[in-house]
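Asker: Just need the structure, nothing else, for what follows:
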Amino acid sequence: INKEDEENWCSQINRLQQLLDKLECQGPKLEPLKEDVLATTYKSNILLVQRQMSVIDDELDNFRKVLNSYIDATLAHSDNLHVSVQKLPGKSCYIMYEFWQDRISWMSYLQSNSSKDFQRCIIDMMEDAEIVSTMLLPGL
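Answerer: All right, here's what the predicted structure looks like:
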C-alpha cells in the first residue's frame with residue numbers, strides 16, 4: 001500500500017467513525033410496547049413480502065407462464081393489496097413484491113392451492129433457493 005492509499009483509508013475510517021458516533025447519539029429512544037398495543041399494531045400493519053427468484057435460463061418461458069398465473073391468482077385474493085414484479089437486467093433473476101393486508105393474510109395465502117402450486121411448479125426451474133424477506137409497514 002502506498003502512502004496515498006494509506007491516507008485515503010485513514011480518512012475513510014475516520015469518516016465512518018464520525019458517522020457511527022453521530023448515529024449512536026441520535027439513536028431512537030425505544031420503550032417496550034404493552035401487549036395490547038403490540039397486538040393492535042400487529043393487525044394494523046401492511047406486510048411487504050419480497051421474493052427473489054433466480055431462474056435457469058432454459059426455463060425462462062415456462063417460469064414466466066407460471067409466474068403470470070400466480071400473479072393473477074394473488075391479485076384476485078381479497079387480502080392482497082398489490083403485486084409487482086421486476087426482472088433484473090442482464091440476469092435471469094426476478095424480484096416480486098407482494099403487499100398484504102397483514103401478516104396473517106399472507107401466511108394463510110401460503111397454504112392456498114395457488115401458492116402451493118406455484119411453489120411446486122417453480123422448484124425445478126430455480127438456480128438457487130428462493131430468497132424471501134418480509135417487512136411490516138404502517139397501515140393506512
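Asker: residue closest to the middle of the protein?
Answerer: Gln50 (2.5 Å; C-alpha atoms, centre = their mean).
Asker: From Lys65, how far out is that one?
Answerer: According to C-beta to C-beta, to the nearest Å, Gln50 and Lys65 sit 22 Å apart. Just so you know, the C-beta spots here come from the backbone N, C-alpha and C atoms, and that holds for glycine as well.
Asker: For Val85, see how far away the closest residue to the residue nearest to the centre of the chain other than its chain neighbours is.
Answerer: Leaving aside its chain neighbours, Gln50 sits nearest to Ser133 (4.9 Å; criterion: C-beta to C-beta, 6 or more residues apart in numbering). Per C-beta to C-beta, Ser133 is found 16 Å from Val85.
Asker: for Ser108, same thing?
Answerer: Using C-beta to C-beta, Ser108 is found at 22 Å from Val85.
Asker: In terms of secondary structure, what does the longest helix along the chain contact?
Answerer: Longest helix of the chain, by residue count under DSSP state H: helix 3-25. Packed against helix 3-25 by the contact rule (3 or more C-beta pairs under 8 Å, 6 or more residues apart in numbering; DSSP states H and E) you find no helix or strand.
Asker: Extract the C-alpha set from that helix and format it as PDB.
Answerer: Listed next in PDB are the C-alpha coordinates belonging to helix 3-25 (Å, rounded to 0.1, in the frame of the first residue of the first chain):
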ATOM      1  CA  LYS A   3       1.200   6.500   1.200                       C
ATOM      2  CA  GLU A   4      -1.700   8.000  -0.700                       C
ATOM      3  CA  ASP A   5      -3.800   4.800  -0.300                       C
ATOM      4  CA  GLU A   6      -3.000   4.700   3.300                       C
ATOM      5  CA  GLU A   7      -4.100   8.300   3.900                       C
ATOM      6  CA  ASN A   8      -7.300   7.600   1.900                       C
ATOM      7  CA  TRP A   9      -8.100   4.600   4.100                       C
ATOM      8  CA  CYS A  10      -7.400   6.500   7.200                       C
ATOM      9  CA  SER A  11      -9.700   9.400   6.100                       C
ATOM     10  CA  GLN A  12     -12.400   6.800   5.200                       C
ATOM     11  CA  ILE A  13     -12.100   5.100   8.600                       C
ATOM     12  CA  ASN A  14     -12.200   8.500  10.400                       C
ATOM     13  CA  ARG A  15     -15.300   9.500   8.400                       C
ATOM     14  CA  LEU A  16     -17.000   6.200   9.300                       C
ATOM     15  CA  GLN A  17     -16.200   6.600  12.900                       C
ATOM     16  CA  GLN A  18     -17.700  10.100  12.900                       C
ATOM     17  CA  LEU A  19     -20.900   8.700  11.300                       C
ATOM     18  CA  LEU A  20     -21.100   5.900  13.800                       C
ATOM     19  CA  ASP A  21     -20.700   8.400  16.700                       C
ATOM     20  CA  LYS A  22     -23.400  10.600  15.200                       C
ATOM     21  CA  LEU A  23     -25.800   7.600  14.800                       C
ATOM     22  CA  GLU A  24     -25.200   6.500  18.400                       C
ATOM     23  CA  CYS A  25     -26.100  10.000  19.700                       C
END
